[in-house]
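In: Please find the sequence and the predicted model below.
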Amino acid sequence: MKPITYPLAALGRATLGFLAMVGRVAIFAGQSLSHIVRPPFYPREFLNALLNIGYFSLPVVGLTAIFTGAALALQIYSGGQRFSAEAVVPQIVAIGMVRELGPVLVGLMIAARVTSSIAAEIATMKVTEQIDALVTLSTHPMKYLTAPRVLAAILVVPMLVGIGDIIGIMGGYIVGTKQLGFAPGAYINNTWNFLETADIVSSLVKGAVFGFIAAVMGCYHGMNSGRGAQGVGRATKTSVEAAAILILAANFLLTSFFFTS
C-alpha cells in the first residue's frame, strides 16, 4: 500500500467500523422488541425497572422542569418587551415545554440517570460472570435483563414527560403571576386554549421513543462491555454519550414528522 493511500484506508476502516456498529445496535434493538412480546416474562424485574426508571426519576425530572419553565418565562418576557409582545408568555412557555423542552430534557435526564445505571449494572454482571450464570441456568440474558427494562422505559418515560410538561408550565405560571404581573386566570386560559392535541401527542410519542433509546443503549453497552473496572466505566460513559446523541437526533426527526407540512 502506498503512503498516499493511508488516509483513505483509515477513513474506510472507520466508516466500515461505524456501519458495523450501527448494524449491531439495530439488531440488538430488534431482538429487544421481539423478546418483549414472547414468553417467558419476568414480572419482578419489570416492576423493579418501573420503580428505578419512573418513580425514582421524579425528583430530578420535577426540579429540571420547574426551573426550565421559570427561566423560559423570564426569557420570553424579556425578549417580548423589545416587540411589545409580553402577552405571549403563557402561550410560548406552553408550546416550548410540551413540544420540545419537556421531552428533550426528560430524555436527557433519563439518559444521564437511567442509561448509566443500566449499563453499569449489566456490565458489572458481565465482569462478575453473573450473565454466564444465567445462561447456565437456561435463562436468556436479553429476556431477563433487557426486555423488562426496555418495556418499562417505553411505558414510563412518556408519563415522566407528561409530568415534566405540567411542572414546567407551572414553573412559568409561578414566575408569570408572582413576578411578571400576569393574572392567574388569564394565564391558565391562554395556556389551555393555545395547546392542541397534536402537541400533547407528539410529546408523549417522543417520550416513548426516548425511553426506548435510553434503555437499549444502556443494555447494549452493558452487554458488550470490556472486562475489569475500566470496561465497566467505558461502557457507562459510552452508553450515556450514545443515548444523548440519539435522543437529540430522534427529536429532530420526530419534530420534522409531526410539525413539517
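Out: Alright, I've got the coordinates.
In: Wait, Pro103 touches Ala208, no?
Out: No - shown here, Pro103 and Ala208 do not form a contact pair, counting by Cβ atoms under 8 Å, at 9.8 Å. To be clear about C-beta, it is placed using only N, CA and C from the backbone, and glycine gets the same treatment.
In: Looking at the two, which is more packed in?
Out: Pro103 (32 against 18; other Cβ atoms under 10 Å).
In: Ser203 versus that one, what's the distance?
Out: As judged by Cβ to Cβ, to the nearest Å, Pro103 and Ser203 stand 5 Å apart.
In: Overlap in contacts, these two.
Out: Common contacts of Pro103 and Ser203 (Cβ atoms under 8 Å, 6 or more residues apart in numbering): Val161.
In: all helices of the stretch 51-200 of the chain, in order?
Out: Ranges of helices within the stretch 51-200 of the chain are 58-80, 89-96, 102-110, 116-127, 130-136, 141, 147-178, 184-194, 197-223, based on DSSP state H, counting those that start in this stretch.
In: starting at the chain centroid, how far to the third one?
Out: Okay, so that is helix 102-110. Taking Cα atoms, centre = their mean, to the nearest Å, the mean C-alpha location of helix 102-110 is offset from the chain mean by 5 Å.
In: which residues touch that helix?
Out: Outside helix 102-110, the residues that reach it (Cβ under 8 Å, 6+ apart) are 53, 57, 60-61, 64-65, 68, 153, 157, 160-161, 164-165, 168, 203, 206-207, 210-211, 213-214, 244, 247-248, 251.
In: Only the buried members of the residues you listed: can you turn that into a ChimeraX selection?
Out: Selection of buried members from the contacts of helix 102-110 for ChimeraX, criterion 16 or more other Cβ atoms under 10 Å:
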select :53,57,60,61,64,65,68,153,157,160,161,164,165,168,203,206,207,210,211,213,214,244,247,251
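In: Test for you: state the pLDDT assigned to the residue sitting nearest the centre point of the chain.
Out: Centroid-nearest residue in the chain: Gly107, 2.5 Å away (criterion: Cα atoms, centre = their mean). Per-residue confidence (pLDDT) for Gly107: 93.
In: do the same with Leu151
Out: With respect to pLDDT, Leu151 scores 93.
In: I figured it was touching His35, is that so?
Out: No - if you go by Cβ under 8 Å, Leu151 and His35 don't touch, sitting 9.2 Å apart.
In: where do the contact lists of these two overlap?
Out: Counting by Cβ under 8 Å, 6+ apart, nothing touches both Leu151 and His35.
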